[in-house]
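Peer 1: no sequence on hand, only this structure:
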């Protein structure tokens with residue numbers, strides 16, 4: 001269990017088949033010490049685009065994968081002000097993430113992507 005796994009709800013993925021990208025894009029803004037919106041609900045196949053519109057560098061790592069080996073940005077030097085990162089979520093489930101630089105237990109830069117079946 002990572003140090004950040006206590007910040008948001010546990011990671012769950014439905015027993016579902018992956019779906020193809022659907023061409024939809026939802027934007028999440030990283031602005032200094034928050035993600036806007038913290039909770040994003042999408043259908044499988046949707047791309048989530050994070051934009052760093054703040055003045056600070058950030059990272060965004062899945063709660064269960066602090067090295068961001070499956071998705072996310074582990075190195076804050078890869079998500080500087082003005083940078084973007086995107087990921088297409090193809091499997092239904094709940095994907096909590098955190099900026100490990102600017103989050104404390106249950107507050108700060110935490111977010112959750114909830115992916116439903118199309």
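Peer 2: Arrived safely. No experiment lies behind these values; they were computed from the predicted model shown. Numbers count the residues shown, from 1 in each chain.

Peer 1: do you know how far the closest residue to residue 109 other than its chain neighbours is from residue 28?
Peer 2: Nearest residue to residue 109, sequence neighbours excluded (C-beta to C-beta, 6 or more residues apart in numbering): residue 99, at 3.4 Å. Bear in mind the C-beta positions are built from the backbone N, C-alpha and C, glycine included. Distance, residue 99 to residue 28, using C-beta to C-beta, to the nearest Å: 11 Å.

Peer 1: higher neighbour count, these two?
Peer 2: More crowded of residue 99 and residue 28, by other C-beta atoms under 10 Å: residue 99, with 26 against 19.

Peer 1: pretty sure that one contacts residue 31?
Peer 2: No: checked against C-beta atoms under 8 Å, the pair residue 99 and residue 31 is beyond contact range at 11.1 Å.

Peer 1: which element is the residue nearest to residue 109 on?
Peer 2: strand 93-104 (DSSP states H and E).

Peer 1: now do the helix or strand that comes right after that strand against strand 93-104: the angle between them, please.
Peer 2: Downstream of strand 93-104, the next assigned helix or strand under DSSP H and E is strand 107-116. Interaxial angle of strand 107-116 relative to strand 93-104 (axes from the mean of the first three to the mean of the last three C-alpha atoms, to 10 degrees): 170 degrees.
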